[in-house]
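Undergrad: Would you be able to build a 3D model of this:
(one chain, ligands or ions: 1)
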Amino acid sequence: MKEIRTRIAPSPTGDPHVGTIYIALFNLAFAKKNNGKFILRIEDTDQTRSHSTYEKNIFKSLKWANIHWDEGPDISGPYGPYRQSERLEIYKKYAFQLVEQDKAYKCFATKEELKEMREVAMKTGSRIGYDRRYRNLSKEEIKKREDQNQNYVIRLKVPLSGECTFEDEIKGTITTPFADIDDQVLLKSDGFPTYHLANIVDDHLMKITHVIRGDEWISSTPKHILLYDAFGWEKPTFMHMPLLCGKDGKKLSKRKNPTSTFFYKDSGFLSDALINFLTLMGYSSIDEKEFYSFDSFIKNFDVKRIGKSAAFFDIKKLEWINQQYIINSLSEKQLLEKLKNWQFNDDFFEKLIPLCHTRMKKFSDFIELFDFLFINNLNYSDELLLVKNISKEAASSILHVMMILLEKYDTLTSEVFEKCSFEISDLFKAHHKKIIMPLLFATIQGKKFGPPLFKSVPILGRDRVRARFLNAIEFLGGLSNKKSSSLKSMLEKKDLSEIMNK
Ligand code: GLU
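TA: Residues are numbered from 1 along each chain as shown. Presented below is the predicted three-dimensional model:
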């Protein structure tokens, strides 16, 4: 019988998402239940957004969650390399093979042309953004353009009529008219593949039998089916898992919820409890049991028990599960060890000593200084956050934009935070010392006075810092999607001063 092979294929373009752990657990369980293999592949073909720090963090977060893979970039395997940036020649070869077979074509559209096509599509309400103008160029025309060194991408020839149907093991039959699918770009002009091409070439070459991934990829699947057909390859079985959703019923997003695995680690959740919680998402266990080890989850794993609808990520429930784990699975001695490993250790305390050395009259002041590093929910008040009587909207806008600025950096250092705080002050034309600093201070430390802000930020860690911004914004009444997109466009114009005057 054919070996069952599953994989996760995260892109190292941001903090390690808790959704990666969620999807990994189901892939791992399915592979192990069937004596198969579980593979880790890094999809780093988005050159501008991929970063090695993010890749390292993916490894770190998976390992923290006790997820181990049979093949991957760090341990190699029979179908490597397992990092897409090391496989570029393979994708090129396959893209040009499709051109040879007239299943794909070279498209010479310029940026301006594409923009114009998108505008026309918007006006006419067409679902297709690219009007296929280079689909039928003559050989001579192509040669002429190539001789002139014109840039091109390779696009797939999507059928002009008919529909694509596939069976999703979880969702059932899914049908999409070809008329809704653009001629997909497979190879970009810089020779890098798009997600679609690289993903299916690798799934094929790595002999993946079951693609288990999040619901958000379901609209890409018809494009993948087309590619499998174009190459004449056998398709894997597809299973699209229910999305993890926040309180608002929308996909868990880092702008609204803590999504980084490190937030949960740094806040002192047990990895076993997080795993148990995540496997409960979108899955109903035998006997509706809520507590089980991952081994017994694997033993009883049944794809039919995966739900169809979105899974609500309720942090209160996670806290409750975590508490049950603390009570039932840890002896007092083990609890002590876990606490020490968490933050009550020399490594952590050594970071604090320089910040308190000159600030204590007695040792008990230590707790008052650093309380904010050990607790998750601070006591915010209007009085604390609305410095100089700025409006709630101004305060939450400042915090939101600060979050966006910080996201541009792959690590959070004191210098990065300081730089962004000055940038914010310029953007909002708000006094750095009198408005920006007290607001940031209150958001991070939940008080007006304490150890130096810039130095304490990296100790709290990037993910808990972001969670504080989110909590403070929520306390101030939240920001609508409309408001956050208008902030984004004001940010592009580099002037947000009008918000301060409201
Ligand atoms: N690189 C995609 C991601 O970031 C992979 C999606 C898939 O599993 O096909 O999740």
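Undergrad: Could you export stretch 56-71 as CSV, CA atoms only?
TA: Provided in CSV are the C-alpha atoms of stretch 56-71 (Å, rounded to 0.1, in the frame of the first residue of the first chain):
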residue,chain,number,x,y,z
LYS,A,56,13.9,29.9,13.0
ASN,A,57,10.8,30.9,15.0
ILE,A,58,8.7,28.4,13.1
PHE,A,59,11.1,25.6,14.1
LYS,A,60,11.2,26.9,17.7
SER,A,61,7.4,27.2,18.1
LEU,A,62,6.8,23.7,16.6
LYS,A,63,9.4,22.2,18.9
TRP,A,64,7.9,24.0,21.9
ALA,A,65,4.6,22.3,21.0
ASN,A,66,6.4,18.9,20.8
ILE,A,67,5.7,18.6,17.1
HIS,A,68,8.4,16.7,15.3
TRP,A,69,8.7,16.0,11.6
ASP,A,70,10.1,13.1,9.7
GLU,A,71,11.6,15.2,6.9
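Undergrad: Counting neighbours, which bits of that stretch end up buried?
TA: 57-59, 61-62, 64-65, 67, 69-71 (16 or more other C-beta atoms under 10 Å). All C-beta atoms are positioned from the backbone trio N, CA, C, and that covers glycine.
Undergrad: One more: stretch 318-338?
TA: Those would be 318, 321-322, 325-326, 330, for stretch 318-338 by 16+ other C-beta under 10 Å.
Undergrad: quick one: which of the residues you listed is nearest to the ligand?
TA: Closest approach to the ligand among the buried residues of stretch 318-338 (C-beta to the nearest ligand atom): L318, at 22.2 Å.
Undergrad: Now do the SS call for that closest one.
TA: Secondary structure state of L318, per DSSP: H, G, I helix; E, B strand; the rest coil, is helix.
Undergrad: Let me see the contact set for it.
TA: Contacts for L318 (C-beta atoms under 8 Å, 6 or more residues apart in numbering) come out as 264, 269, 273-274, 277.
Undergrad: one more time with 7 Å, if that's ok
TA: 269, 274, 277 (C-beta atoms under 7 Å, 6 or more residues apart in numbering).
Undergrad: Turn the buried residues of stretch 56-71 into a markdown table, including secondary structure and distance to S497.
TA: As requested, the buried residues of stretch 56-71 are exported to a markdown table (DSSP: H, G, I helix; E, B strand; the rest coil; distance: C-beta to C-beta, whole Å):
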| residue | secondary structure | distance to S497 |
| --- | --- | --- |
| N57 | helix | 36 |
| I58 | helix | 39 |
| F59 | helix | 43 |
| S61 | helix | 39 |
| L62 | helix | 44 |
| W64 | helix | 43 |
| A65 | coil | 44 |
| I67 | coil | 47 |
| W69 | coil | 50 |
| D70 | coil | 55 |
| E71 | strand | 53 |
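Undergrad: among the residues you listed, which two are most distant?
TA: Farthest pair in those (C-beta to C-beta) is N57 and D70. Separation: 21.2 Å.
Undergrad: residues in contact with the one residue in the stretch 301-450 of the chain that gets nearest to the ligand?
TA: Closest to the ligand within the stretch 301-450 of the chain is I306: 15.8 Å, counting by C-beta to the nearest ligand atom. Applying C-beta under 7 Å, 6+ apart, we find I306 in contact with 170, 241, 282-283.
Undergrad: tell me the secondary structure for the residue of the stretch 201-350 of the chain found nearest the ligand?
TA: Nearest residue of the stretch 201-350 of the chain to the ligand: R213, at 3.6 Å (C-beta to the nearest ligand atom). Using three-state DSSP, the structure places R213 in strand.
Undergrad: Neighbours of it, how many?
TA: 23 (other C-beta atoms under 10 Å).
Undergrad: Can you name the residues of the stretch 101-250 of the chain that neighbour the ligand?
TA: Within the stretch 101-250 of the chain, the residues that sit near the ligand (C-beta under 6 Å from any ligand atom) are 199, 213, 217.
Undergrad: and the last one, what does it touch?
TA: Under the criterion of C-beta under 7 Å, 6+ apart, the contact partners of W217 comprise H240.
Undergrad: For the stretch 151-300 of the chain, just list every one of the helices.
TA: 195-205, 221-231, 261-266, 271-280, 294-300 (DSSP state H, counting those that start in this stretch).
Undergrad: For the closest residue to the ligand within the stretch 51-200 of the chain, give me its contacts.
TA: Ranked by C-beta to the nearest ligand atom, the top residue of the stretch 51-200 of the chain for proximity to the ligand is N199, at 5.1 Å. If a contact means C-beta under 7 Å, 6+ apart, then N199 has 9, 43, 224 as its contacts.
Undergrad: show me where pLDDT drops low in the stretch 401-502 of the chain?
TA: Low-confidence segments of the stretch 401-502 of the chain (pLDDT under 70): 502.
Undergrad: All good on my end, thank you.
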